[in-house]
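>>> Sequence first, predicted coordinates after that:
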Amino acid sequence: MTDSQAQPAAEPGRREATIQRYSGLAQLALAGGTPLDCEADAFTDSCFGAAAYTETGASEPGVPEAALRASLGCGNPLAVADLREGETVLDLGSGGGLDVLLSARRVGPAGHAYGLDASQDMLALARANAATAGATNVEFLHGHIEAIPLPAAAVDVVISNCVINLSLDKPAVLAEAHRVLKPGGRLGISDVIADDDLDPVTRAAAEQRVGCANGTLTAAEYEQVLAGIGFTAINITRTAGAGGGLHSAIVQAFKPAPAS
């Protein structure tokens with residue numbers, strides 16, 4: 001494990017500060033404002049926030065405008081999650097609930113979509129958006145992504161949008177994702193990665209500018225963590241530049257099914 005991966009397992013002050021920051025953004029959204037989680041030009045290819053969803057149904061009738069306004073992601077995990085009717089999906093760091101609501105549409109009445117968030121204000125926003133949308137196959141859970149409040153082998157798909165990078169213990173998050181996935185389940189997330197040769201000072205400055213970044217991993221480090229946990233068929237694809245040596249990326253992987 002590299003130095004950039006060996007992050008402290010628990011830094012309550014920093015984690016609480018992150019939760020409070022996103023609670024403030026949720027309160028702004030609940031009051032009718034438009035949250036902004038980074039400098040306006042941080043993502044140069046317009047993949048940030050609602051712009052990433054133009055081709056995946058976010059503009060369909062029935063998707064609450066407040067959920068779209070509150071989108072704070074760095075990509076669109078639904079573009080690669082390949083959700084199917086009847087599946088159960090979990091969104092890590094579900095925020096205002098946009099990805100959960102769109103997932104619920106794709107898995108249909110026989111499926112189920114969970115959202116997990118550490119901010120009670122974000123959960124209030126997400127539940128309000130779900131009520132507006134009339135979604136009945138959704139459930140929003142309070143908790144930390146390093147300790148998912150679901151049993152093992154509970155979901156078919158784990159998604160996340162620019163949230164895992166906020167964690168101070170990314171290996172714990174990804175291990176928890178592996179635990180709750182059913183054998184044969186899949187991971188499809190958007191996150192932020194760093195160039196291999198980025199020095200710590202430059203990386204920290206870029207993370208400050210982007211906002212949704214905290215100890216960013218390189219693609220090689222990400223892959224090493226995933227493989228060490230037991231994920232297979234790992235694929236990490238850059239999708240847009242964020243400046244300063246950071247990039248948004250799609251991360252895909254599978255939990256192997258037992259040999260027949």
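Received it, and whenever you're ready, just let me know what you need. Numbers count the residues shown, from 1 in each chain.

>>> shouldn't residue 109 be in contact with residue 137?
Yes - with contacts counted by Cβ atoms under 8 Å, residue 109 reaches residue 137, the gap being 6.0 Å. Just so you know, the C-beta spots here come from the backbone N, C-alpha and C atoms, and that holds for glycine as well.

>>> Find me the pLDDT at residue 259, would you?
Per-residue pLDDT puts residue 259 at 80.

>>> roughly how far apart are it and residue 183?
Using Cβ to Cβ, to the nearest Å, residue 259 is found at 10 Å from residue 183.

>>> Which one of these two is surrounded by more residues?
Neighbours were counted for residue 259 and for residue 183 using other Cβ atoms under 10 Å; residue 183 has more, 10 against 4.

>>> ok so that one is a helix residue?
No - per DSSP: H, G, I helix; E, B strand; the rest coil, residue 183 lies outside any helix segment and is strand.

>>> all strands for the stretch 51-200 of the chain, in order.
88-92, 112-117, 138-142, 155-161, 181-194 (DSSP state E, counting those that start in this stretch).

>>> what is the mean pLDDT for the last one?
The predicted model assigns strand 181-194 a mean pLDDT of 95.

>>> Now residue 256. Its backbone dihedrals?
Note on residue 256: backbone dihedrals following degrees, to the nearest 10 are phi -60, psi 140.

>>> Excluding chain neighbours, what is closest to it?
In this structure, residue 256 finds its nearest non-sequential neighbour in residue 232, 5.3 Å apart by Cβ to Cβ, 6 or more residues apart in numbering.

>>> quick one: that neighbour and residue 254 touch, right?
Yes - using Cβ under 8 Å, residue 232 is in contact with residue 254, at 5.4 Å.

>>> So between those two, which is more surrounded?
Using other Cβ under 10 Å as the criterion, residue 232 and residue 254 rank with residue 254 on top: 19 against 11.
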